[in-house]
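Engineer: Fold the following, please.
(chains A and B)
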Amino acid sequence: MKLDHFTNLLNLGYQLLCREMRERYAGTLLGGCWLLLNPLFMLLVYSFIFGEVLQLRFGSTVTANSHFAFYLFAGLLVFNGLSEVMTRSTLVLQDKRDMLLNTPLSPWLLPILPVMVSVLLEWLALSVLLLSMLAWGEFKLVSLLGYLPYFLVRLMLSLALAFVIAPAAVFFRDLRLLMPAVLTVLLFISPILYPPEVIPERFWALYHWNLLSHLVAGYREVLLEGVFDVSRLWGLLSISSLALWFALWAFKHLMPRARYVL
Amino acid sequence: MGPNKESEPAGRAAMPIALTLRQVNLVYRRYPHPRDALLEWLLGAERHEKFYALRDMTFELQAGTALGIVGDNGAGKSTLLRLLAGNLLPSSGDYAVRGRCSALLELGSGLDLECSGIENARVGLALRGLTPHEINEVLPEVLDFAELGEFVARPVKNYSSGMVVRLVFAIAAVLEPDVLIVDEALSVGDQYFQKKSLDRMREILAGGATLVFCSHNLYQLRELCQQAVWLEQGQIRMIGEAQQVVDAYQDAVRARTHPGHPVSTAFALCSVAAGDTGTPIAPQVTTSLGGAPILRAVELEHAAALTEDANQRPCFLTGQRFGVRVELDSAGVAEPDIHVGVVIRRNDEVQCYGISTLHDGISVQIDQTGVATVRFIIDSLPLLSGEYCLEVWLIDASGVHVYDARERCCYFRVQQASQQQGIGLSWLAHRWETTAQTAGAPANQCVQTRAAELAVGEEADGVVAT
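Structural biologist: Sure thing, here's the model as predicted:
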């Protein structure tokens, strides 16, 4: 790919991202504020229900309400990003069908669009988390450095999911309706609202095979504790790279067929 | 050129080739259900039917040429345009488009209804490969061309279809592409913008760019394009000079619309879409928007002493003086840019004759109030018995843009004096030669020649308003 072609693709991606964000909040009273309000609202609800009402404390892992809020927020950071990608990918090809057929838009750009949106949302939420930690005196600079490789894993996994789900949803329209249920299951089988220590031993296999569990754990380690587990990161990087390679290969073969049924 | 190419205009030999298609086939796969497309890939067993959207498409187009595409719905026109625009890839064969290509295909495609005109213009320009810097440079020009006023900052969902076409045409045409591809989209624009966009297309062509233009408005297509392709069921039925191809296409449409009726390949000033519906159409007035010239009156001038037929229609005699008076308001448009066209149509939809001041090289004289009166006169009406009506067109100097039109107005009847004037549609100037072979004498010594003349009926001044 020539450099100017790549630059044009980047510019087009940026323009589409801007349009996507404007479209999402067009006509709303609070506009772009929803970008921050949504994660904050979820954080408050979970903190209140699990922290205040149910008084959940997970041994030594989480001891105070502020900690619990950060703990939840870090977990939701990953989950919300993936959730955004998985939900929007089911519609991205159908929604942009006209563009795909009547403009020179590259189909490779479309699955990247929900990933870009999710990255933007994650970075906004992350800035809220880091500012809150700074206010509580718990911010660690090393957290930011440790975050980047895990973010790379999240990015590769998101791209892998988007490149598989987008054409798959063209063949199976039910996927769009199925996705909320899948995400609900994913939320509860992954240690996002609770620490992995509370998982009964007989379900450990489920935990170990769940990539999201490891990614959430990685995010929490670097952001909240400033700890960096190289073996965990290495494993995640390997698996997400393989997943992305497979997804790109599948998209290359599926997309021409998806065009026929779009 | 492809195998069906009939002729090549002189003087174009040195021009580079802008478009090349060689044995291009485009096959769509039709799956009973979307999931079958995936299962076919996974299991390897074929689960689709093939549909040839384009078959064995071969032609070349020289740079600076305008190519018109005609054909019925489903003939493959839009598919061909998408292929040329690079939005579809051929299943087999080679094709090449040289230079920057800009396409205006389906109306509103690529627009986000929730976003403003400016935001959509930015994306549209980025889709055409412009960098952010170039977009910032070109954007004011696009918005100026579109002339959307304050609407440019409003969501596109609030636009009328005419405003949408203004925006998408401005995005596609302002870039000065090497190849401009325009599908049937301009028809929804208002008169003013239609003229503006047609002028822009001619300007792009004059600059050496190539135009591929698909339209059901065959008059526009014939005036704008030198070459044309007639597509039928995904294949090239005919390719060559626009006049010949469009005439042949019109013949085929007429033959289908009026089976058994004789069809005319005569000069036609109006489109098949408008004229060959096959159903009686009431007199129709197309009123242009403010700012464009309009027809104020169209009247038949004939002998006042003549009777009217049972339907109160004026009746002319074959050979009589026939006149049409057209009064128009120039609306400030300069004289050289206004022309009047008249078409005489018989009630079986045969276009008997059409001509315009543009084609005859006549200037329309406009008075100080901006009004012009134009008379179309046939001193000796050659039409034979039948019912006829007029179409009157107000066109610009390019002959492409129609300011205003009155279709199927001024119904009248023609009555021939006797069978001696002949049978059919029209009396034609002719002469007879007879040769008597006398034994022993050369044949040319016994030739009798006599030219026939059309008898001219009595004439009196008068005007019949319609």
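
Engineer: Low-confidence ranges, chain A, go.
Structural biologist: Judged against pLDDT under 70, the low-scoring parts of chain A cover residues A:1-2, A:50-51, A:56-66.

Engineer: Skipping its backbone neighbours, what lies nearest whichever residue of it sits closest to chain B in space?
Structural biologist: Per C-beta to the nearest C-beta, A:N102 is where chain A lies closest to chain B, at 3.6 Å. Every C-beta, even on glycine, is put in place using the N, C-alpha and C of the backbone. The spatial neighbour of A:N102 that comes closest, neighbours along the chain excluded (C-beta to C-beta, 6 or more residues apart in numbering or on different chains), is B:S109 at 3.6 Å.

Engineer: Could I get the phi/psi values of that neighbour?
Structural biologist: phi -70, psi 140 (degrees, to the nearest 10).

Engineer: Might one say that it is in contact with A:T103?
Structural biologist: Yes: in terms of C-beta atoms under 8 Å, B:S109 counts as a neighbour of A:T103; the distance is 6.6 Å.

Engineer: if you count what's nearby, which of the two comes out ahead?
Structural biologist: The neighbour count for B:S109 versus A:T103, taken as other C-beta atoms under 10 Å in any protein chain shown, is higher for A:T103 (22 against 19).

Engineer: For that one, which non-adjacent residue is closest in space?
Structural biologist: B:G110 (4.5 Å).

Engineer: got the contact list for the closest residue to A:N210 other than its chain neighbours?
Structural biologist: The shortest distance from A:N210 to any non-neighbouring residue, by C-beta to C-beta, 6+ apart, is to A:S190 (5.7 Å). A:S190 is in contact with A:75, A:79, A:210, A:212-213, A:216, counting by C-beta atoms under 8 Å, 6 or more residues apart in numbering or on different chains.

Engineer: same thing but 10 Å
Structural biologist: If a contact means C-beta atoms under 10 Å, 6 or more residues apart in numbering or on different chains, then A:S190 has A:75, A:78-79, A:82, A:196, A:206-207, A:210-217 as its contacts.

Engineer: Neighbours of A:S231, how many?
Structural biologist: Applying the criterion other C-beta under 10 Å, we find 7 residues in the vicinity of A:S231.

Engineer: So it: helix, strand or coil?
Structural biologist: In the three-state summary, A:S231 is assigned as helix, counting by DSSP: H, G, I helix; E, B strand; the rest coil.

Engineer: separation between it and A:F171?
Structural biologist: With distances taken as C-beta to C-beta, to the nearest Å, A:S231 is found 38 Å from A:F171.

Engineer: repeat for B:E176
Structural biologist: When C-beta to C-beta is applied, the distance between B:E176 and A:F171 equals 41 Å.

Engineer: try A:R257
Structural biologist: 8 Å.

Engineer: where do the contact lists of those two overlap?
Structural biologist: Jointly contacting A:R257 and A:F171 under the rule C-beta under 10 Å, 6+ apart are B:31, B:34, B:36-38, B:41.

Engineer: Now do the residue nearest to B:D72 when sequence neighbours are not counted against B:F376, distance only.
Structural biologist: Using C-beta to C-beta, 6+ apart and skipping residues adjacent in sequence, the residue nearest B:D72 is B:E232, 7.2 Å away. B:E232 is 37 Å from B:F376, where distance means C-beta to C-beta.

Engineer: swap in B:R345?
Structural biologist: For B:R345 relative to B:F376 (C-beta to C-beta), the value is 14 Å.

Engineer: before we move on, the earlier item: who has more neighbours out of B:E232 and B:F376?
Structural biologist: Between B:E232 and B:F376, counting by other C-beta under 10 Å, B:F376 is the more crowded of the two (21 against 16).

Engineer: ok, that one touching B:T357?
Structural biologist: Yes: with contacts defined as C-beta atoms under 10 Å, B:F376 counts as touching B:T357 at a distance of 8.8 Å.

Engineer: Between these two, which contacts overlap?
Structural biologist: Where contact means C-beta under 10 Å, 6+ apart, the residues bridging B:F376 and B:T357 through contact with each are B:326, B:340-342.

Engineer: Among the residues you listed, which lie within strands?
Structural biologist: Secondary structure from DSSP state E places B:326, B:340-342 of the shared contacts of B:F376 and B:T357 in strands.

Engineer: Where in chain B is the helix or strand with the lowest mean pLDDT?
Structural biologist: One helix or strand of chain B scores below all others by mean pLDDT, DSSP states H and E: helix B:272-275, with a mean of 30.

Engineer: what about burial for the shared contacts of A:R257 and A:F171, which qualify?
Structural biologist: Neighbour counting over the shared contacts of A:R257 and A:F171 (16 or more other C-beta atoms under 10 Å in any protein chain shown) leaves B:31, B:34, B:36-38 as the buried ones.

Engineer: Phi and psi next, for B:R408.
Structural biologist: phi 50, psi 60.

Engineer: Right, and chain A sits closest to which residue of the stretch 51-200 of chain B?
Structural biologist: Across the stretch 51-200 of chain B, no residue is closer to chain A than B:S109, which sits at 3.6 Å (C-beta to the nearest C-beta).

Engineer: pretty sure that residue is in contact with B:L81, am I right?
Structural biologist: No: the pair B:S109 and B:L81 does not pass the contact test of C-beta under 10 Å, sitting 11.8 Å apart.

Engineer: can you pull the contacts of the residue nearest to B:D72?
Structural biologist: Under the criterion of C-beta under 10 Å, 6+ apart, the contact partners of B:E232 comprise B:70-72, B:74-76, B:238, B:249, B:252.
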